[in-house]
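A.B. asks: The sequence and its predicted three-dimensional model are supplied below.
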Amino acid sequence: MQGEPHEGRIVVVGASLAGLRAAETLRDEGFAGSLTLIGDEPHPPYDRPPLSKQVLLGRVPADTTGLPRRRDVDAHWKLGVRATGLDPVRKKVLLADGEEVPFDRLLIATGTRARPWPDPAEAAMDGVFTLRTGEDAGRLVEHLDASPERVLVIGAGFTGSEIASACRERGLAVTVAERGPAPLVGALGGTLGALAAKLQRAHGVDLRCGVTVTALEGNGRLTGAQFSDGTRIDADVAVVALGAVRNTEWLAESGLAAGPRGVTCDAGCRAFDMYGIVTDDVFAAGDVARFPHPLFEYQLLSLEHWGNAVAQAEVAAHNMVNPGPRRRPHLTVPAFWSSQFGLNIKSVGVPTFSDQVVIAQGSLKEARLVAVYGYRGRVTAAVSVNQAKSLEYYQRLIETAAPFPPAPGAADRLDTRAPVPSDVPDPKMLSHGPTVALTGHLPDRRLILVQPAR
């Protein structure tokens with residue numbers, strides 16, 4: 001960017017949660033130049049988590065989940081048009097309509113899209129859905145309102161499990177197919193995966209683990225599905241919940257370190273090029289970003305979490321308009337939540353970055369507990385089930401690299417419990433992608449985060 005960092009042209013590709021929050025932060029930080037937001041959907045930014053919860057239950061229309069605006073961003077909005085390329089030499093974003101948008105600094109916040117069913121002909125049948133956009137949710141709700149005989153959910157990650165929960169709450173018959181040994185196992189490991197399986201079956205879900213769907217049947221309209229164990233079912237609605245694909249194809253010729261795992265950037269959100277050289281004018285944030293986190297031994301994290309998108313977008317925006325000494329790293333402890341089958345599940349840290357887990361509070365039998373995860377002798381995550389009030393305590397343990405298993409600290413901690421293996425499966429065993437992906441090297445240094453006095 002020429003001249004003052006608060007002047008010039010900033011382009012944000014991705015007009016969803018991360019893009020909007022970055023734009024608002026840029027203005028809050030005093031950026032007074034030209035600001036352009038590009039989005040491939042024709043709608044202003046909207047909230048996605050309600051789509052698999054309140055929208056599917058019919059409590060909220062799909063077109064009423066718009067994100068609240070913190071302030072006027074005074075931006076040029078280019079909606080309903082895809083970015084198809086990036087020219088880093090001429091500093092231009094190429095659009096599908098032939099326009100070229102110049103920039104001085106660029107934020108990549110293109111997020112993810114739903115992984116489609118692999119057979120295009122089967123995917124095109126009436127009754128076969130993915131759930132990512134507002135339009136997806138609206139079409140699916142119409143079919144659920146028609147009271148289908150059976151809904152097949154393919155994949156038992158968080159999205160698939162929330163869809164199954166909403167369908168059961170509607171009183172619909174549901175079959176869930178999962179390649180792995182249990183629902184949620186790819187995000188929470190074996191102990192809580194077993195609890196999730198028990199609860200789904202207790203709520204009347206026909207849960208089939210260790211199998212895959214080999215074919216969707218029908219002639220223009222879905223009528224059923226075949227499974228890898230030789231069985232089949234009749235179904236008139238199928239929701240494909242096989243995880244997400246990061247939207248990086250448009251960067252294939254850009255020279256950036258971008259691929260199926262995301263856009264690799266440093267802790268300050270500056271993108272790397274394909275030779276490992278950090279750029280100073282291209283940044284990344286949100287689901288599409290892949291960044292090192294010192295709390296997790298500098299593994300490169302890709303996070304599909306609402307809170308991470310907000311926090312990382314704010315860091316990226318701050319660093320785009322501030323000189324080096326004033327830039328800050330993105331060190332927020334990952335956190336997410338889910339509501340399904342009467343459970344409120346909340347997590348801090350990275351449960352998949354673990355080798356052991358201990359039930360620190362409550363019990364699996366009562367489905368009210370806190371599970372604490374450890375890796376190589378230190379606390380790396382905690383997950384609460386209907387007991388979120390304790391998570392702040394365990395978050396401090398994660399931030400300070402506290403020893404695992406944790407010492408007594410919460411009121412109902414039972415010291416007699418012994419850690420067990422966390423049983424985090426190889427992602428290849430799952431029919432859905434993980435919401436957290438870790439890749440990278442493992443230096444021995446451990447970082448302790450210093451937080452302001454509370």
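C.D. replies: Ah, there it is. Numbers count the residues shown, from 1 in each chain.

A.B. asks: Let me see the ranges of the helices in the chain.
C.D. replies: Shown for the chain, the helices assigned by DSSP state H span residues 17-28, 120-123, 134-145, 158-169, 185-202, 306-320, 391-399.

A.B. asks: Nearest to P49, out of those?
C.D. replies: If you check each of the helices of the chain against P49 by CB to CB, helix 306-320 wins as the nearest, at 5.9 Å. For every residue, glycine as well, the C-beta is placed using N, CA and C.

A.B. asks: so what secondary structure elements neighbour the closest one?
C.D. replies: In terms of contact count using 3 or more CB pairs under 8 Å, 6 or more residues apart in numbering; DSSP states H and E, helix 306-320 is assigned the packing partners helix 17-28, strand 105-108, strand 278-284, strand 335-340.

A.B. asks: Now mean pLDDT too, for the helices of the chain, in CSV please.
C.D. replies: As requested, the helices of the chain are arranged in CSV below (pLDDT from 0 to 100):
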stretch, mean pLDDT
helix 17-28, 98
helix 120-123, 98
helix 134-145, 96
helix 158-169, 97
helix 185-202, 96
helix 306-320, 97
helix 391-399, 95
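
A.B. asks: Output the below-cut-off pLDDT ranges for this structure.
C.D. replies: The chain contains residues with pLDDT under 70 at 1-3, 409-416, 429-454.

A.B. asks: residue nearest the centroid of it?
C.D. replies: Against the mean C-alpha coordinate of the chain, by CA atoms, centre = their mean, the closest residue is E304 at 1.6 Å.

A.B. asks: Now do that one against R48, distance only.
C.D. replies: With distances taken as CB to CB, to the nearest Å, E304 is found 10 Å from R48.

A.B. asks: list the contacts for L57?
C.D. replies: Taking CB atoms under 8 Å, 6 or more residues apart in numbering as the criterion, L57 is in contact with 166, 169-170.

A.B. asks: go again using 10 Å as the cut-off
C.D. replies: L57 is in contact with 50, 141, 144, 165-167, 169-170, counting by CB atoms under 10 Å, 6 or more residues apart in numbering.

A.B. asks: F336 contacts F158, correct?
C.D. replies: Yes - under the criterion of CB atoms under 10 Å, F336 is in contact with F158, at a separation of 7.9 Å.

A.B. asks: coming back round to it: which of the helices and strands packed on helix 306-320 sits most buried?
C.D. replies: With neighbours defined by mean count of other CB atoms under 10 Å, none of these is more surrounded on average than strand 105-108, at a mean of 28.

A.B. asks: Which strands or helices does that one pack on?
C.D. replies: Contacts of strand 105-108 with other secondary structure elements, assessed using 3 or more CB pairs under 10 Å, 6 or more residues apart in numbering; DSSP states H and E, are made with strand 9-13, helix 17-28, strand 83-87, strand 92-95, strand 270-272, strand 278-284, helix 306-320.

A.B. asks: so can I have JSON lines of these showing distance to R105?
C.D. replies: Putting the helices and strands packed on strand 105-108 into JSON lines (distance: least, CB to CB, whole Å) gives the following:
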{"stretch": "strand 9-13", "distance to R105": "5"}
{"stretch": "helix 17-28", "distance to R105": "10"}
{"stretch": "strand 83-87", "distance to R105": "13"}
{"stretch": "strand 92-95", "distance to R105": "12"}
{"stretch": "strand 270-272", "distance to R105": "10"}
{"stretch": "strand 278-284", "distance to R105": "5"}
{"stretch": "helix 306-320", "distance to R105": "5"}
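
A.B. asks: Between the two ends of stretch 317-333, how far is it?
C.D. replies: The first and final residues of stretch 317-333 sit 19 Å from each other (CA to CA, to the nearest Å).

A.B. asks: Now do the buried residues in stretch 53-72.
C.D. replies: Judged by neighbour count using 16 or more other CB atoms under 10 Å, the buried positions of stretch 53-72 are 53-57, 60, 62, 65.

A.B. asks: Apart from its chain neighbours, what residue comes closest to F227?
C.D. replies: Counting by CB to CB, 6 or more residues apart in numbering, V211 is the residue found nearest to F227 once chain neighbours are left out, at 4.9 Å.
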